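In: Sequence and predicted structure below; questions after.
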Amino acid sequence: MTKNDFTVIGRPLPKVDAWAKVVGETKYADDLFLPRMAYAKLLRSAHAHARIKSIDTTRARALPGVFAVVTAEDLPRVKFGILPVSQDEEALCAEKVRMVGDPIAAVAAVDEETAEQACRLIEVDYEPLPALMSIFDSLAHPEVRIHDYGDGPNVHKNVALQFGDVDAALDGAHLVREDVFFFEGNTHLPMEQHAAVAHWAADGRLTLWSSTQTPHYVHRVLAKVLDTPAAHIRVIATPVGGGFGGKTDPFSHEIVVCQLSKLTGRPVKIALTREEVFYTHRGRHPVLMWIKTGFTKQGDITGCHLRTWLDGGAYGSYGVASTFYTGVINPVTYKIPVYKFEGARIFTNKPPCGPKRGHGTVQPRFALECQLDKAAEQLGLDPADMRRRIVAEPFTKTANHLTVTTIGLGECIDKVVEASGWRDKRARYGVSAKPAPGKPAGSSSAKKRGLGIACSAYLTGAGTAIYWNDMPHSGVIARADRSGGVSVLCGATDIGQGSDSILAYLTAEVLGIEPKDIHVLPADTTLTPVDLGSYSSRVTLMCGMAAIQAAQRLRDAIFKAVAQKLEVSPAALVARERKIGVPDDWDRAVPFARGVELGEALHGVLAFPGSYAPPKRAGKYKGGGVGPSPCYSYSACVVELTVDEETGAVDLENVWIGHDIGRALNPLLVEGQVEGSVYMGIGEALMEEQVFRKNLHKHPSMLEYKSPTTLETPEIHTILVETDDPEGPFGAKEAGQGPLLPVIPAIANALHHALGIRIDEVPITADKILKALDLKRAGKPARVGPTRLPLLTFKQALAVESAFGQPADAIVSRPFAASSRPSP
Amino acid sequence: MKVRVTLNVNGESREALVPTHKTLLEVLREDLGLTGTKHGCELGECGTCTVLVDGEPVLSCLALPVETEDRRITTVEGMAEGGRLHPLQQAFAELGAAQCGYCTPGILLTATALLAERPSPTRQEVKEALAGNLCRCTGYTKILDAVELAALRMGRQEART
C-alpha cells in the first residue's frame, strides 16, 4: 500500500476533542462538581527533614464546617510507590517528613477556605533533623539517613554496566576527551494543577476521577493503600491539562480524598495550588556527568565511558528507571562499539524527581552532544558532517544489546543542514568569522550570531512494564453498533498529545469509515481494557497496534457476513467511503452500517479485542529490561541565535528540527508535538530551574519560575522524515519526547560558535555567559561548568559482551500478535 | 460577609450571593457553572483565567465580582454565536492550536480582544498580545498560526459585508 492509498492516515485532521476544547466544554478534574461535595486540603510539612513527635487535630476538628480530619493513623500503614522496588511513600507521613511539602494531615470541609483554615489549626510537633540538600551533602553525611533502604547510605540506586573493553578502546583512540557537565533540575509546569474527586458510594464502591497520566497504576495503588479490593475501585482519568510526566506517579492527594470520602459519606474534591504542584514535582533530575570518549582522526567513536550522579530528592518515584535511562539510550544514536555506564541516584531532602519529557536521557544527551562538538573542533571536522558519518546502522544491535530498527537520522541531519543554510552560515557567523565584504573587521556591535547542531534518539514506548507480568501493555475493544458507528474502548489517557484522536484515526482507516464515526471511550478502569499509561512515548504505538488488531478482527467478521450476502470471497472485499464491497463491482457495495447488521445477524454482538505487548528483545543481563523499545525515533536540530556580549542575553532566532517519525499518522499533530518539545527544550536550556534556598523552593510560582512566552519562543521549522518502521502502527514512531533532546545541546553549541565559550551547565543563563566571556578576556579557558565530582564508589561493573553491530534478531517473540500485523 | 452581585455574563444577567472576597474566577466557575474559564496559578501570573470585561482582557483570578457589576463579561462559553463558532475557535480547532486545551480559553479571549483592536495584526503583534498567556504544550507556533488564519478569515468576512 502506498501513502496515497490511505484515506485517514496522513491527513492533517483536527483532533477529535478539538471542538470541545475550543468552546470550553472539556471537563478537567477540577471542573467536576458533584452534589454534597466536600473540599479537601492537605497540611504539608514546613520542615525539610524532621521527626513527627505528635499531631494534634483537636482544634481543626472543632472548626465549624469541617467534616473530617485525617492523619496517618486513619489509613492502613502501607507504603506505596510507582516502582515495585521503591515502595517508600506514605499518603500521610506517620513518623518522619523528608521534604518541605510532605503531606501530614488532610481536612475535608464545606469549602476550600474552611479546609485551609482547619489545616492551620492542626498542631504538629516536629523534631528537626539535618536537611541534606545536595548530592554532596547526602554523601558527606552517611550518619543522617533519609531512608533506610537503597544501595548505601542515602544512595537510592547504584548501577554499573560494561559492554566490551572500554579502556582498550580509549587507549587506541586518536583523541580522548574527558568532560564534566551539570544539568540543573527543572519541572513540568503543566498549566493544569493536579486535581482529583473521589466518591466512595454507599454500596462500598469507590470512584476516583483524577488528572493522571496513569489511571491503571493509580488503580493498583489505591487497592493496596486503602486495603480495598481493586474490583470495587474505579479510576477515571479526566482529560489532562498538561502532563509531561508530572502526573505519572500515584499521589498522596489521590489517596487522601478517597479516605475522606469514605469517612464523610460525601464526594470529596482536592485541587492543588500552584505552589503545591512545584513541591509535588517528579520532574527533571539534576544530574552531574563525567563522560570520556575516544575518537579516531575521522571522528568515529572508539568507545565511551559515562558516569552520572542524579539528585533524586526525597523519594524513589521512577528513580531507578531514571538512573538507567541516563545511561542506556545513548548508544542508540551513533556507532559506539564499546560502552561503559556507571550511575547513582542520591536521596536528598527535596521534592522527588522523576520522569519529565525525555526521561533521564535529556541530561546525558546534553553532555554527549556538547562533547561531540568539542571533539569535532579539535579534529577540525564539521560537527554536522561528523555526526552524519557516525549515525548508527539500522536493524542492528547496540553495544548494550538494544535492537534498533529504522533510522532516519542521516536524512534528518541532511535536511536541517540544508534548510538552515548551515554551510554558508557556519562560515559567515561565529567568533572566528571573517567580516562580510564591505563591513569593517571587528564590528562594533556587541551582538554575535552563532549556529549549532545536535542530534538524539528516543524510545517509542518502554519495552517492559513497570511491574513484571505477561499481560498486554495496551488493550482495545472495538464495538460496532447498528448505526454504523464504532465505539473504541481503551485505557489510554489523552494528555493533549491526541491519543483519543489516534485511536479514532486508526480504527477509521481500517474500517473505511470517518473518524467522526468513532466514539472513543478512554481511560476508565471499569470500562476500558488496560493501557499502562501515557508515558515513555508508548501510546501511539502500543494503543495504535491494539486498535488496529481490534478493528481488523471487527472488519474480518463484517467481511465474512458481507461476502455471504454478495456471494464473493471475503478476501475480495475492501472497506472505504463508509462502504464495503468489491472494488471492481463497487455499485453493489453495501453501506458500512448494513455490513454491521449483516455481521451482527451472522455472529451476534460485534465487539472485538485488540492486544499489544512489545517484542521480547530485552538484553539477557540484569538491567537489560530498561532501554528496549519496539523502535526509536531520531531527531536532528540546528539552532540559530544572537547573543549580546555586553548583557549575555540570548535571542533565539530560528530552530530547524528534523524528526524521524516513522510515519506521520496526522502531520498536524506530529508537528504540534515536535514544536512543543522544541519549546520545552528551549525553556530548559535557557531559563527553567527547580532550585532551593534554605530548604525551600526558590521560586514556586509561574512568575518567578521562568518559562518561555511567545516572545522567547523562536520560529520553529519542523521537517518530518518518514521511515515506515515495521514495528509501528502503519509505520509510526513517537513524536512527543524525542525532539526535545537535541535542542538544549544545539543551543550550547551555537553559543560556542558565536562567542567561543563553553557553558557546560544547564540552564545557560546570562550570568554564566558573561562569566565565560570574562574568563576568555583574561586568557583563561572560556568554560563555565562543574569542577568537582562526588566521591562515591560505583558498583563493580557487570561485564557483558558488546553486541554492537550484530544484526537484529530475525525471529522475535511477539505476544498477542497472531495475524495482527497491519497489512503494509 | 456575603453580597448579592448581578453580573452581565455572555449577554445574560446572572445573580449570585457570594463572599465579598471571592474572585470573579471562582464565582464564574463555582457559582455560575461556567467552568470553561480555567485557573493556572490564581496569582495573576499565567493568563489562563483571562476573560473579557467590556472587551478588555482581565485576569479573573485577580478581579472581584463587585468590580465587574454593570460591565459586559465574556467567557469562552460566550464566544460562539448560537451554534456558530467564532473564527478564532474554528481556526484553533482546525490547526491543532489546542493540545491539552487548558490554556485555550484564556488565549482565545486575549486574541479576541487583539483582533477587535487590530484586525490584521503582524505576527510580532500577535506574539506581544499573547505574551501574558503561558502555554506549555504547543510551543505557541500553531496558536500564532491560528490567530493569523482567523484574522484573515474575519477580514474577508468583513470585506464581503
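Out: Here it is on my side, so go on.
In: average model confidence for the helix or strand containing residue A:366?
Out: Secondary structure assignment for residue A:366, by DSSP states H and E: helix A:362-379. Confidence over helix A:362-379 (mean pLDDT, whole number) is 98.
In: Can you point out the buried residues in that helix?
Out: A:362-377, A:379 (16 or more other Cβ atoms under 10 Å in any protein chain shown). No exception for glycine: its C-beta is placed from N, CA and C like everyone else's.
In: which among these are in contact with chain B?
Out: Counting by Cβ under 8 Å from any Cβ of the partner chain, nothing from the buried residues of helix A:362-379 sits close to chain B.
In: Extract the CA atoms of the helix ranked longest in chain B and return them as CSV.
Out: Taking DSSP state H as the criterion, chain B has its longest helix at helix B:141-160. Taking Å, rounded to 0.1, in the frame of the first residue of the first chain, the C-alpha atoms of helix B:141-160 are listed here in CSV:
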residue,chain,number,x,y,z
THR,B,141,3.5,28.0,16.8
LYS,B,142,0.1,26.7,16.0
ILE,B,143,-1.5,29.3,18.2
LEU,B,144,0.1,32.1,16.3
ASP,B,145,-0.9,30.4,13.0
ALA,B,146,-4.5,30.1,14.1
VAL,B,147,-4.8,33.7,15.2
GLU,B,148,-3.4,34.8,11.8
LEU,B,149,-5.8,32.5,10.0
ALA,B,150,-8.8,33.7,12.0
ALA,B,151,-7.7,37.3,11.3
LEU,B,152,-7.5,36.6,7.6
ARG,B,153,-11.0,35.0,7.6
MET,B,154,-12.6,37.7,9.6
GLY,B,155,-11.0,40.3,7.3
ARG,B,156,-12.6,38.5,4.3
GLN,B,157,-15.9,38.3,6.0
GLU,B,158,-15.7,42.0,6.7
ALA,B,159,-14.9,42.7,3.1
ARG,B,160,-17.9,40.8,1.9
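In: which helices and strands does the helix holding residue A:366 pack with?
Out: strand A:175-183, strand A:287-295, strand A:301-313, helix A:319-328, helix A:383-390, strand A:447-459, helix A:743-755 (3 or more Cβ pairs under 8 Å, 6 or more residues apart in numbering or on different chains; DSSP states H and E).
In: Nearest to chain B, out of those?
Out: Closest approach to chain B among the helices and strands packed on helix A:362-379 (Cβ to the nearest Cβ): helix A:743-755, 10.5 Å.
In: Tell me how many other residues surround the closest residue to chain A within chain B.
Out: Ranked by Cβ to the nearest Cβ, the top residue of chain B for proximity to chain A is residue B:36, at 2.2 Å. As a burial measure, residue B:36 scores 25 neighbours (other Cβ atoms under 10 Å in any protein chain shown).
In: Equivalent analysis for the one 3 residues further on, please.
Out: The burial count assigned to residue B:39 is 24, neighbours taken as other Cβ under 10 Å.
In: Over to residue A:156?
Out: For residue A:156, using other Cβ under 10 Å, the count is 29.
In: buried stuff in the least confident helix or strand in chain A by mean pLDDT?
Out: Within chain A, no helix or strand scores below strand A:798-800, which has a mean of 94 by mean pLDDT, DSSP states H and E. Buried residues in strand A:798-800, counted by 16+ other Cβ under 10 Å: residue A:800.
In: Tell me which residues touch the most centrally placed residue in chain B, please.
Out: Chain B has residue B:109 as the residue nearest its centroid, 2.6 Å off, counting by Cα atoms, centre = their mean. The contact partners of residue B:109, by Cβ atoms under 8 Å, 6 or more residues apart in numbering or on different chains, come to B:50, B:51, B:52, B:57, B:74, B:75, B:76, B:79.
In: cool, and residue A:163?
Out: Residue A:163 neighbours (Cβ under 8 Å, 6+ apart): A:338, A:339, A:340, A:399, A:400, A:401, A:800, A:801, A:802, A:803, A:804.
In: Just want the residue of the stretch 451-600 of chain A that's nearest chain B.
Out: For the stretch 451-600 of chain A, Cβ to the nearest Cβ, closest residue to chain B: residue A:496, 2.9 Å.
In: per-residue confidence at that residue?
Out: 97.
In: re the thing from before, kindly give a single PyMOL line that selects the buried subset of the contacts of residue A:163.
Out: Here is the PyMOL selection string for the buried members of these, based on 16+ other Cβ under 10 Å:
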select buried, chain A and resi 338+339+340+399+400+401+800+802+803+804
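In: State the distance from the nearest residue to residue A:606 once chain neighbours are set aside to residue A:561.
Out: Distance criterion Cβ to Cβ, 6 or more residues apart in numbering or on different chains; nearest residue to residue A:606, sequence neighbours excluded, is residue A:480 at 4.3 Å. Relative to residue A:561, residue A:480 is positioned 11 Å away (criterion: Cβ to Cβ, to the nearest Å).
In: Compare the two and say which is more crowded by neighbours.
Out: Legend: neighbour count by other Cβ under 10 Å for residue A:480 and residue A:561, higher for residue A:480 (28 against 23).
In: ok, the residue of the stretch 101-250 of chain A found nearest chain B - contacts?
Out: Proximity of the stretch 101-250 of chain A to chain B (Cβ to the nearest Cβ) peaks at residue A:241, 3.2 Å away. By Cβ under 8 Å, 6+ apart, residue A:241 lies in contact with A:28, A:190, A:191, A:192, A:211, A:496, B:38, B:100, B:101, B:102.
In: Please name the nearest non-neighbouring residue to the last one.
Out: Taking Cβ to Cβ, 6+ apart, and ignoring the residues beside it in sequence, residue B:102 has residue A:241 as its nearest neighbour in space, at 3.2 Å.
In: Strands of the stretch 651-800 of chain A, start to end?
Out: Using DSSP state E, counting those that start in this stretch, the strands found in the stretch 651-800 of chain A span residues A:692-693, A:696-697, A:715-721, A:758-759, A:761-762, A:783-784, A:798-800.
In: Out of the ones you listed, which one sits most buried?
Out: The highest mean neighbour count among the strands of the stretch 651-800 of chain A, using mean count of other Cβ atoms under 10 Å in any protein chain shown, belongs to strand A:761-762: a mean of 26.
In: List the pairing partners of that one within its sheet, with orientation.
Out: Sheet partners assigned to strand A:761-762 using DSSP bridges are listed as strand A:175-183 (parallel).
In: Can you pull out the low-pLDDT segments for the stretch 551-700 of chain A?
Out: Applying pLDDT under 70 to the stretch 551-700 of chain A flags no residue at all.
In: Please flag which of the contacts of residue A:163 sit within strands.
Out: A:339, A:340, A:800 (DSSP state E).
In: What score does residue A:441 have for pLDDT?
Out: For residue A:441, the predicted pLDDT is 47.
In: Equivalent analysis for residue A:430, please.
Out: 87.
In: Correct me if wrong, but it is in a helix.
Out: No. Under DSSP: H, G, I helix; E, B strand; the rest coil, residue A:430 falls outside any helix and is assigned coil.
In: Isn't it up against residue A:449?
Out: Yes. Between residue A:430 and residue A:449 a contact is recorded at 7.4 Å, counting by Cβ atoms under 8 Å.
In: Name the residues contacting each of these two.
Out: Jointly contacting residue A:430 and residue A:449 under the rule Cβ under 8 Å, 6+ apart are residue A:754.
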